[in-house]
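Student: turn this into a model:
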Amino acid sequence: FSLIIHSLHHHLDYICSQSRYRKTILSKMKLVGAFLATIQLLQTVVHVHSFVVTPTRPLSSTIPSLSHTHTYTNTNTNTKLFYGKPSNLPDSLDDAAILAAQACRMYSIDAGAMSRCRVDFDTSVGDETYTILKSSTEFMQKFVTALCYEMIPDMKRRKEEEIMALVMAKAELAQLINDDDDDDEDDSNTVEESAEDVNAKRLELEQIIQFGGRKPTFDEKGNIIPSQYTGPKVRIYFPDEGSAALARRDWNPNAINAQDEQVPPCVEFSSCGGIQTQDISKDEIIFFFCPKAPEAEFVERALIRSEETLEDQLKLAVFVNPVLVDMGVTGFGLAGRMLRERLIDNLMPTYYLRTLPWGALTRIYPDQFTVWQEDADFDDGYRMIKSMDRLPSNPEVEDIYDYENGNSSDPSKQQGFGLLNAIGDFV
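Tutor: Presented below is the predicted three-dimensional model:
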C-alpha cells in the first residue's frame, strides 16, 4: 500500500509541474491531496516532523538568525544536522560557486569520508533554449575551482604562491628599471652586478609576470612545457565524451600561463559510458555533472567502484544537477523508486538555487530552504517569504507565493483540515 501511495505522489508532482493547467488539476485533485496529507500526518508518529517558519510582515532586509533550532538525524551518515536559519541569496555567479563549495566542504567534515551530496543550480526560469548542461557549465567550472581550493590543500597553497610570486616579480622589475634610470643619470655610481646578470634577472622576472606568477619549465630542446602535477586528483564525469573533451579544452587545467587556467591542474575529465581506462587511485573528490536517466546505471557502478577502491581516501562525491529518474527511461514505478532508495535519497542537498519568474528558492547547508520574492522596496531587491527544513514541491512553492500575495489561504493550515473537510470542500 505504501508503494502505491509513494508512486502516486510522484505522479501527481510530475503532472502538476508539467501541465499548463496546474491550478485546475490541483483543484480537482484536492481530495487525493488531502488523502496523501493524511498519510504524511501518520508518518510523523515515527519520523521527526518538519516545521515551517514564516516571517512576519514587514520583514527587514537584514535577516537575523531564528531563535528556534531543529535537529535532524541523517540515518545514512549518522550525522546531526542543525536547521533553523534561512539561506541567503548569492550576490553573483562567483559568490554562488563559493557558497556551494563551502557548503560541500562543511558537509564533508560533518559526514566524514565517502560522503555523498548534491548541488542543484538552475537559473533558466523555465527557458529551455539551452540544456541544463549548457546553462550550468560556467557555474560548474567556478564551483569545481572553488571546491578544489577548499578541499585540496596543495591547490590553495599553489595559487597563493603564484599570486605572491607575481606581485614580488612586478615589484622587483620596477626596482630594476628605477636602478637603471639612476645609473644612466650618474655614471659614477658603482654597479654591483654586471650588465649580463641584470639582464638575466630582468628576463626571469618578465617571464614570471608573463606566465602569471609561474616559473616556466623547459624540455630538452628548450621549449616551454606545462609543469607536471602528481598530487591528489579531482575527477569530473560528464554525460558523454564530447562534453568532457570540450571542457578539457576550454577549462585548460594544464595551461602554461596561470591566467589561462580555468580549473586547477588536479582536475581530471571522464565521461559516463565507454571503456574506462583512467587511473582513479589518486582521486579524492568525484563529480557527476548533469547525469541523466540513461547514465544512471553507469553512475551507480562508477560511484561504488570508487568507494570500494579508494575507501577513506575518497572525501566526497558530488552530484550536480542530477536527473536520474525520468518517465521515459526509468519511470516512476518500482524501478524509479528503487533507484531513489539506493542512490538519490541518500544525497544530501548541500546547495540549491532555482530562480523563479517572481523570485528564487535557495538552500545553503546546513541552513533551511528559503523562498524569496522580488521586492523593489528592499535594498537587495528580494524579501524572504518562507523558510522550511525540506525542499518544497513546485505546487507548494506556487501556493506559498499565492498566499503571500493574498491570492489563496495559508497552505500550511490547509494540511490540517482533515479528510472530511477536504471532501466537503471538493463537493
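Student: which helices and strands does the helix or strand hosting K156 pack with?
Tutor: Here K156 sits within helix 153-185, counting by DSSP states H and E. Using 3 or more CB pairs under 8 Å, 6 or more residues apart in numbering; DSSP states H and E as the contact definition, the elements that helix 153-185 packs against are helix 137-151, helix 195-210. Heads up, the C-betas are built off the backbone N, CA and C, glycines and all.
Student: adjacent strands (with direction) for the following helix or strand past the last one?
Tutor: Using DSSP H and E, the helix or strand that follows helix 195-210 in sequence is strand 217-218. Within its sheet, strand 217-218 is paired with strand 224-225 (antiparallel), according to DSSP bridges.
Student: so what touches the strand it pairs with?
Tutor: For strand 224-225, contacts defined as CB atoms under 8 Å, 6 or more residues apart in numbering pick out 216-219, 256.
Student: biggest separation within these, which pair?
Tutor: Put simply, by CB to CB the two of these set farthest apart are D219 and I256, 12.0 Å from each other.
Student: for those two, indicate the residue with more neighbours.
Tutor: Under the neighbour definition other CB atoms under 10 Å, D219 and I256 were set side by side, and I256 has more, 17 against 8.
Student: on the pLDDT front, check the more buried one for me.
Tutor: Confidence at I256, expressed as pLDDT, is 88.
Student: just checking, what packs against the helix or strand encompassing E398?
Tutor: Counting by DSSP H and E, the element that carries E398 is helix 394-404. With contacts taken as 3+ CB pairs under 8 Å, 6+ apart, helix 394-404 sits against helix 2-18, helix 22-28, strand 369-374, strand 382-388, helix 411-414.
Student: repeat that with 7 Å
Tutor: helix 2-18, strand 369-374, strand 382-388, helix 411-414 (3 or more CB pairs under 7 Å, 6 or more residues apart in numbering; DSSP states H and E).
Student: so Q278 belongs to a helix, correct?
Tutor: No: using DSSP: H, G, I helix; E, B strand; the rest coil, the assignment for Q278 is coil, not a helix.
Student: just put the contacts of strand 224-225 in TSV and tack on distance to F269.
Tutor: Putting these into TSV (distance: CB to CB, whole Å) gives the following:
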residue	distance to F269
P216	25
T217	22
F218	27
D219	24
I256	19
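Student: which among those residues gets closest to D279?
Tutor: Within the set of the contacts of strand 224-225, T217 lies nearest D279; the separation is 22.4 Å, counting by CB to CB.
Student: surely that closest one and S227 touch.
Tutor: Yes: T217 lies in contact with S227 (CB atoms under 7 Å); the separation is 4.9 Å.
Student: for the residue nearest in space to the middle of the chain, which three-state class applies?
Tutor: With distances taken as CA atoms, centre = their mean, V119 lies nearest the centre of the chain, 3.6 Å away. Classification of V119 by three-state DSSP places it in strand.
Student: report the contact partners of it.
Tutor: With contacts defined as CB atoms under 7 Å, 6 or more residues apart in numbering, the neighbours of V119 are 100, 143, 318, 320, 350-351.
Student: ok, now D283?
Tutor: Counting by CB under 7 Å, 6+ apart, D283 has contacts 233, 235, 306, 310, 314.
Student: run through the stretch 301-427 of the chain and note the low-pLDDT ranges.
Tutor: Across the stretch 301-427 of the chain, the ranges flagged by pLDDT under 70 are 327-333, 335-336, 408-427.
Student: hmm, 80 instead?
Tutor: Counting by pLDDT under 80, the stretch 301-427 of the chain shows low-confidence ranges at 326-337, 339-340, 407-427.
Student: tell me where it has strands.
Tutor: With strands called from DSSP state E, counting those that start in this stretch, the stretch 301-427 of the chain shows them at 316-320, 348-356, 359-364, 369-374, 382-388.
Student: to S243, which of these lies closest?
Tutor: Judged by CB to CB, the one of these that comes nearest to S243 is strand 316-320, at 12.8 Å.
Student: and the angle for the helix holding E398 with strand 359-364?
Tutor: Here the directions of helix 394-404 and strand 359-364 differ by 120 degrees (axes from the mean of the first three to the mean of the last three CA atoms, to 10 degrees).
Student: for the residue nearest to A165 when sequence neighbours are not counted, give me phi and psi.
Tutor: Here the nearest residue to A165 in space, its sequence neighbours aside, is G213; by CB to CB, 6 or more residues apart in numbering that works out to 4.3 Å. Recorded main-chain torsions at G213 are phi 100, psi 0, according to degrees, to the nearest 10.
Student: for G213, give its distance to K170.
Tutor: Plainly put, G213 is 10 Å away from K170 if you go by CB to CB, to the nearest Å.
Student: any idea of the angle the helix holding K156 forms with helix 137-151?
Tutor: Regarding helix 153-185 and helix 137-151, their directions subtend 90 degrees when assessed with the same axes, to 10 degrees.
Student: quick one: average confidence on helix 153-185?
Tutor: So the average pLDDT for helix 153-185 ends up being 83.
Student: re earlier: show me which of the contacts of D283 is closest to R340.
Tutor: S306 (20.7 Å).
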